[in-house]
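[1] sequence plus the predicted model coming up.
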Amino acid sequence: LSEKEMTFLGMAVLEDPVRPEVSGTVEEFRHADVTTVMITGDHKDTALAVARTLKIADSPAQCMTGAELDCLDDGALADKISEIRVFARVSPDHKVRIVRALKKSGGVVAMTGDGVNDAPSLKAADVGIAMGMSGTDVAKQAADIVLTDDNFATIREAVREGREIYANIKKTVIFLLSSNFGEIMTMFFAILFSFPAPLKASHILWINLITDSLPALALGTDACDGRELMKEKPRKQGESLFAHGGGVCTLFYGFLIALISLTAFLIVPAKLLASSGRQLTPAAVADVLQSPKLLACCQTYAFTVLGLSQLFHAIGMRDVEKSVFRMDHGGNPLMIAAVFIGFALQLMVTEQPALVAAFQTVRLNVGEWKTLLVLAAMPLFAHEMFIFLTHIFNPSKTAE
């Protein structure tokens, strides 16, 4: 039956608009070197139009249909997968193949889904993400993460928070290892040159009390710059904590802390030997340190510098790529408290009579404190020098 004598009144168009927060999230993922891939059952033209809106894809060559996918074996798909940004008219089996191909190409794959048919691909992905409000129970059980608000932007927040947590873990571990490595090297070199022990067992325990507790906790809860972290490339699977200079940082600060602690330990013997016209040799230093009173003074110097240097080191470790003068110290009140408490405790152990007797230290005058504070601040000075040299030789890295 053909229609006749009809009048055209209009045309109704239906649109499923993209959520407003998705565009910004995709853009931020792009800066974070996270590739967004669209997998849909819609027509190829429809999928490409949406992908263009979100800047996921800009040409038909970046689109592939389920029928085209069927023409490729797994090897050919893995080779071509990096060029494709949109998969249209796909089945549940296709989704699993896509996920496996992305993983085979070296990617870490996060897959979102809400239906029963999405369960196999959610299970196959490195991270399966199900929708909590619209998702089926099967999808939720197959997923690793459930978005309770069904908001794509929440994934961005999860990525950012994950990077912040990892950054805090890394700098806390490096701080603790470099600090303890400094203690080990201090004792090692003293033994190597046949010096008396620069630290007593009680001194080491005390230093670990003031440096391995509050400062480490402050670093572990530090508020990182999430915007800067989202500009970095994702770390590779199995990447070591010591990658990207972490190992060098650990060794450098460990040796630096040992060097300034031994320097503090040798200040008095060096002055005595110089005033008596004797050469500064390991044997001469060991001979001078036979005096219990003089040894206690030298140990107090080393003890004070070793403890305080680790507090200064903790301040710099908040951000190894930013000057201490540009850090938001108010954003980490626990670090401020940790430093003040650490300094107060170290002051008490050299000035409070009961603690002086318990730790066998000596009281220090203002001049001695000034000298030891300058030595203890060397890790922070080294931090600033590193930032300055980085700015000179690589200005783009320190630019705002």
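    Good, I have the coordinates. Predicted model, so just to flag it, every value in this text is computed and none were measured.
[2] wait, what's in contact with Met133?
    148-150 (CB atoms under 8 Å, 6 or more residues apart in numbering). Quick note: C-beta positions are derived from backbone N, CA and C, even for glycine.
[3] try 7 Å this time
    The contact partners of Met133, by CB atoms under 7 Å, 6 or more residues apart in numbering, come to Asp150.
[4] which strand or helix spans the nearest residue to Leu219 once chain neighbours are set aside?
    Spatial nearest neighbour of Leu219, chain neighbours left out: Thr172 (4.4 Å); criterion: CB to CB, 6 or more residues apart in numbering. Assigned by DSSP states H and E, Thr172 falls within helix 153-192.
[5] quick one: mean pLDDT for that helix?
    Model confidence over helix 153-192, given as mean pLDDT, is 94.
[6] what residues of that helix count as buried?
    For helix 153-192, the neighbour count (16 or more other CB atoms under 10 Å) marks 153-156, 159-160, 163-164, 167-168, 170-183, 185-187, 189-190 as buried.
[7] OK, contacts around the residue positioned nearest the centre of the chain?
    Geometric centre of the chain, nearest residue: Ala167, 1.3 Å, by CA atoms, centre = their mean. Ala167 makes contact with 224, 229, according to CB under 7 Å, 6+ apart.
[8] and for the nearest residue to Lys293 once chain neighbours are set aside, the neighbour number?
    Computed as CB to CB, 6+ apart, the closest residue to Lys293 that is not its neighbour in sequence is Val362, at 8.0 Å. Counted by other CB atoms under 10 Å, the residues lying close to Val362 total 15.
[9] correct me, but Val362 touches Cys297?
    Yes - the criterion here is CB atoms under 7 Å, and Val362 meets it with Cys297 at 5.0 Å.
[10] who touches the residue lying closest to Arg156 once chain neighbours are set aside in this structure?
    Closest residue to Arg156 apart from its sequence neighbours, by CB to CB, 6+ apart: Thr25 at 4.6 Å. With contacts defined as CB under 7 Å, 6+ apart, the neighbours of Thr25 are 152-153, 156.
[11] for whichever strand or helix holds Thr25, buried residues please.
    Remark: Thr25 resides in helix 20-31, with elements defined by DSSP H and E. Residues 22, 25-26, 28-29 are the ones in helix 20-31 that count as buried (16+ other CB under 10 Å).
[12] only alpha carbons, please: show that helix as CSV.
    C-alpha atoms of helix 20-31 as CSV (Å, rounded to 0.1, in the frame of the first residue of the first chain):
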residue,chain,number,x,y,z
PRO,A,20,29.5,16.1,29.8
GLU,A,21,32.2,14.8,32.0
VAL,A,22,33.4,12.1,29.5
SER,A,23,35.1,14.5,27.1
GLY,A,24,37.4,16.1,29.8
THR,A,25,38.2,12.7,31.2
VAL,A,26,39.3,11.3,27.8
GLU,A,27,41.4,14.4,27.2
GLU,A,28,43.1,14.0,30.6
PHE,A,29,43.7,10.3,29.9
ARG,A,30,45.4,11.3,26.6
HIS,A,31,47.8,13.6,28.5
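[13] run the angle between that helix and helix 153-192 for me.
    30 degrees (axes from the mean of the first three to the mean of the last three CA atoms, to 10 degrees).
[14] now do the spatially closest residue to Asp33 that is not a sequence neighbour, the pLDDT please.
    Of all residues not flanking Asp33 in the chain, Lys233 sits nearest, at 4.3 Å (CB to CB, 6+ apart). Per-residue confidence (pLDDT) for Lys233: 85.
[15] what of Ala12?
    At Ala12, pLDDT is 88.
[16] now do Ser240
    87.
[17] the spatially closest residue to it that is not a sequence neighbour: neighbour count?
    Nearest residue to Ser240 in three dimensions, chain neighbours excluded: Gly246, at 7.3 Å (CB to CB, 6+ apart). Neighbour count for Gly246, taken as other CB under 10 Å: 19.
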